[in-house]
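Mind looking at a prediction? Sequence and model below.
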Amino acid sequence: MRKCFGWIIQLSVAGLLASGLATATQAETGVVRVVFTKGGFIIGVGGGEGVLIFRGHRYPFTVSGMSIGATIGASTTQFTGRALNIRSPGDIQGTYSVIGAGGALAAGAGGVQLQNEKGVILQLHGPKIGVELSAAVGGVQIALR
């Protein structure tokens with residue numbers, strides 16, 4: 001009986017440790033707001049700023065990007081959305097490329113999905129103000145301020 005009770009305590013402690021480690025490393029979701037202005041002729045250049053709201057705190061960041069292809073005009077887009085797979089605010093930093101159906105943004109749709117090298121996925125949507133025709137491919141760089 002004494003041996004059995006000892007095993008139960010060991011298993012309980014191991015279970016508590018394992019559950020504590022699992023929750024400490026689980027990815028979370030944050031809210032993102034970005035204002036991005038882009039313009040160009042053949043080579044498009046853009047920039048803007050945004051904020052990540054994560055665990056009740058606001059983390060401002062800057063956005064810059066470039067695209068190469070058929071870009072003509074200028075536009076400003078006010079994106080809102082989610083940042084998935086975040087473990088800490090610094091995870092939002094990095095270089096993002098378009099994934100999935102996000103390529104439709106260049107053709108004028110109001111949504112995009114981007115992913116960085118850390119696995120953070122930004123799912124963004126919003127209205128575009130201005131005139132821009134684009135069939136370009138490019139990347140976006142995000143840095144915390």
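Cool, got the structure. These figures come from a predicted structure and were not determined experimentally.

I'd assumed Lys118 was in a strand, is it?
No. Counting by DSSP: H, G, I helix; E, B strand; the rest coil, Lys118 falls outside a strand, being coil.

And Val112, which helix or strand is it part of?
strand 111-116 (DSSP states H and E).

Just checking: what are the partner strands of that strand?
strand 94-98 (antiparallel), strand 121-125 (antiparallel) (DSSP bridges).

Using CSV, write down the CA coordinates of the last one.
The one in question is strand 121-125. Extracted C-alpha coordinates of strand 121-125, given in CSV (Å, rounded to 0.1, in the frame of the first residue of the first chain):
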residue,chain,number,x,y,z
ILE,A,121,0.6,33.9,-39.2
LEU,A,122,-1.1,37.2,-39.8
GLN,A,123,-4.7,37.0,-41.0
LEU,A,124,-5.6,40.6,-42.1
HIS,A,125,-8.4,42.3,-43.8
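
Can you give me the buried ones in the strand holding Val112?
Applying a neighbour-count criterion of 16 or more other CB atoms under 10 Å, one finds 112-116 buried in strand 111-116. Backbone N, C-alpha and C define where each C-beta goes, glycine included.

Could you dump these into JSON lines and include pLDDT?
Below are the buried residues of strand 111-116 laid out as JSON lines (pLDDT from 0 to 100):
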{"residue": "Val112", "pLDDT": "81"}
{"residue": "Gln113", "pLDDT": "87"}
{"residue": "Leu114", "pLDDT": "90"}
{"residue": "Gln115", "pLDDT": "94"}
{"residue": "Asn116", "pLDDT": "95"}
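
export those residues to JSON lines and tack on distance to Ile92?
Listed next are those as JSON lines, based on distance: CB to CB, whole Å:
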{"residue": "Val112", "distance to Ile92": "15"}
{"residue": "Gln113", "distance to Ile92": "15"}
{"residue": "Leu114", "distance to Ile92": "11"}
{"residue": "Gln115", "distance to Ile92": "12"}
{"residue": "Asn116", "distance to Ile92": "8"}
